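Colleague: curious how this folds, go ahead:
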Amino acid sequence: MKARILFTIGFVFISLVSFSQVIENVDYVSPEKDGIIAIKKGEKWSFIDTEANTLIDFRSDMVVMSNSDGDYPIIDSDRCLIKKKVDDQFYYGFIDKSGKTVIEPQFLYATSFKDGKAIILKKITEKMGENKVLGKNVISTQLEEYVIDTSGKTIKFLSSRNYIPKRVGAKSQLKINSKFITNNLIGVKERNNKWTLHKI
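Modeller: Here you go, the predicted model:
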């Protein structure tokens, strides 16, 4: 009997504590999308559900996206875009809604997932030969765009272009020239500023 009374008191106490949860001093609260809300404190972001339960605690590596109703990180297809700086270069990957890294930061850029697909930009380096006079390898570097699924598997190759890292404005090359038109149709902007449509 005593155990039952203690259990009941404990249950009521836990219920009151959980229903009185308050999140204070946040700088931004996003609109709810699929039961998930992004909140910002300082330079860090967190995700909560509609009951104010924390899904992902505050962290500084989530990528803020421009949305029609504000700028904040999003979770789509159980994936959120993150970035990691290595040697003055950001690499992009993805976490799931528990905060676990599911695709390691490895891409020069990436879009958020949309209906289970994302567009990524990879650097592909190939040894072309050797300059025997200078004693150096001759390297060719390409930037390639692909569509990937939520596991990081390549679904479709989209485009390729040369990358010259020491050129002035080289960082401006690190952008994605493709965009989703529909879930199964992607537009790729070519060098001549014309568009090519790819069906997935």
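Colleague: can we go C-alpha only for contacts and neighbour counts from here?
Modeller: OK.
Colleague: got a list of what the most centrally placed residue in the chain touches?
Modeller: The residue lying closest to the centre of the chain (C-alpha atoms, centre = their mean) is L81, at 1.2 Å. With contacts defined as C-alpha atoms under 8 Å, 6 or more residues apart in numbering, L81 is in contact with 62-63, 73-75, 92-95, 110-112.
Colleague: could you do L108 as well?
Modeller: Contact partners of L108, counting by C-alpha under 8 Å, 6+ apart, are 90-92, 120-123, 174.
Colleague: could you list the low-confidence segments of the protein?
Modeller: For the chain, the stretches with pLDDT under 70 are 1-21, 128-135, 137-138, 165-173.
Colleague: give me the phi and psi for the residue nearest to D115 when sequence neighbours are not counted.
Modeller: The shortest distance from D115 to any residue other than its chain neighbours is 6.0 Å, reached at S77 (C-alpha to C-alpha, 6 or more residues apart in numbering). For S77, the backbone dihedrals (degrees, to the nearest 10) come out as phi 60, psi 30.
Colleague: related to what we said a few turns ago, output the contacts of L108 as CSV; include the columns secondary structure.
Modeller: Below are the contacts of L108 laid out as CSV (DSSP: H, G, I helix; E, B strand; the rest coil):
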residue, secondary structure
F90, strand
Y91, strand
Y92, strand
I120, strand
L121, strand
K122, strand
K123, strand
L174, coil
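Colleague: select only the buried ones of those in ChimeraX?
Modeller: Those of those that count as buried under 16 or more other C-alpha atoms under 10 Å are selected in ChimeraX with:
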select :91,92,120,121,122,123,174
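Colleague: tabulate the contacts of L108 in CSV, adding columns for distance to E24.
Modeller: As requested, the contacts of L108 are exported to CSV (distance: C-alpha to C-alpha, whole Å):
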residue, distance to E24
F90, 31
Y91, 32
Y92, 30
I120, 36
L121, 38
K122, 40
K123, 42
L174, 38
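Colleague: looking at the contacts of L108, which is nearest G152?
Modeller: Closest to G152 out of the contacts of L108 is I120 (9.6 Å), distances taken as C-alpha to C-alpha.
Colleague: and that closest one, what are its bridge partners?
Modeller: Bridge pairing for I120 (DSSP bridges) gives the partners A110, Y146.
Colleague: list the residues that contact it.
Modeller: Shown in contact with I120 (C-alpha under 8 Å, 6+ apart): 107-111, 145-148, 176.
Colleague: turn those residues into JSON lines, including distance to V86.
Modeller: As requested, the contacts of I120 are exported to JSON lines (distance: C-alpha to C-alpha, whole Å):
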{"residue": "F107", "distance to V86": "12"}
{"residue": "L108", "distance to V86": "11"}
{"residue": "Y109", "distance to V86": "14"}
{"residue": "A110", "distance to V86": "16"}
{"residue": "T111", "distance to V86": "19"}
{"residue": "E145", "distance to V86": "21"}
{"residue": "Y146", "distance to V86": "22"}
{"residue": "V147", "distance to V86": "24"}
{"residue": "I148", "distance to V86": "23"}
{"residue": "I176", "distance to V86": "20"}
